[in-house]
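Engineer: Here's a sequence, model it:
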Amino acid sequence: MARKLKVFVTPAGFHDAYVAAPSRKAALAAWGSDADLFARGIAVEVTDPELTKAPLARPGEVVKRSRGTAAEQLAAAPSPRPRKKAAVKAVAPKKAAPRPDRAALDAAEAALEDMTRRHRAAQRDLAKRQADLDREKREVGRAQDEEAEEVRSAAEKAQTAYDAALKGWRG
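Structural biologist: Numbering: from 1, shown residues only. The predicted structure follows:
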């Protein structure tokens, strides 16, 4: 059996938020409130049949109704207070900050260029020395090959002569 619905209301800006719910806790949940608005006197139960018609037609749903006409709301608003005119002070323009000194950057760039130039020269020198060493290695290798061929040839001739002499000696 469903519990009897009650209608509760709380102000929400320029509107009243009505909700038909079985309990105060359900009404607070429908409004999305964590605070107990009833204990603070902000929310109340509505008994006027004219005001309960719309919420009872849509139970659990928040129904907003304007709290008066726009004219009534403007009349109830506090009148704007005249503001004091601000004293006009002559504000001196801020002095522009001086341009940063470029000397350190120029010195660093010059040092970088000098270092690059020295490194390239050293690399060229190493490449030239490497080429000279490669050439010398080839020449030494060629000379050694020629000498080895001559020595082998002489050794073969000596072996042949020895073998012939040995054969002649044995008879």
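Engineer: My read is that residue 59 contacts residue 4, right?
Structural biologist: No: when contacts are counted by CB atoms under 8 Å, residue 59 is not listed as touching residue 4 (10.9 Å). For every residue, glycine as well, the C-beta is placed using N, CA and C.
Engineer: ok, these two, which is more surrounded?
Structural biologist: A count of neighbours by other CB atoms under 10 Å puts residue 59 above the other of residue 59 and residue 4, at 15 against 6.
Engineer: So what's the residue count around the closest residue to the more buried one other than its chain neighbours?
Structural biologist: With CB to CB, 6 or more residues apart in numbering as the criterion, residue 59 has its nearest non-adjacent residue at 4.3 Å, and that residue is residue 20. Neighbourhood size, residue 20 [other CB under 10 Å]: 23.
Engineer: Direction included, what does the helix or strand residue 20 falls within pair against?
Structural biologist: If you go by DSSP states H and E, residue 20 is part of strand 15-21. Here strand 15-21 has these sheet partners by DSSP bridges: strand 6-12 (antiparallel), strand 63-66 (antiparallel).
Engineer: Pull out the buried positions in the first one.
Structural biologist: Put plainly, it is strand 6-12. By neighbour count with 16 or more other CB atoms under 10 Å, strand 6-12 contains the buried residues 6-10.
Engineer: what two of those are the furthest from one another?
Structural biologist: Spatial extent of those (CB to CB) is set by the pair 6 and 10 at 13.6 Å.
Engineer: Wait, a helix at residue 85?
Structural biologist: No: with DSSP: H, G, I helix; E, B strand; the rest coil as the criterion, residue 85 is located in coil rather than a helix.
Engineer: burial of it, as a residue count?
Structural biologist: Counted with other CB under 10 Å, the neighbours of residue 85 add up to 6.
Engineer: Repeat that for residue 26.
Structural biologist: For residue 26, the count of nearby residues is 18 (other CB under 10 Å).
Engineer: Give me the distance between the least confident helix or strand in the chain by mean pLDDT and the centre of its chain.
Structural biologist: Least confident helix or strand, the chain: helix 70-76 with a mean of 71, by mean pLDDT, DSSP states H and E. In terms of CA atoms, centre = their mean, to the nearest Å, the centre of helix 70-76 is found 50 Å from the chain centre.
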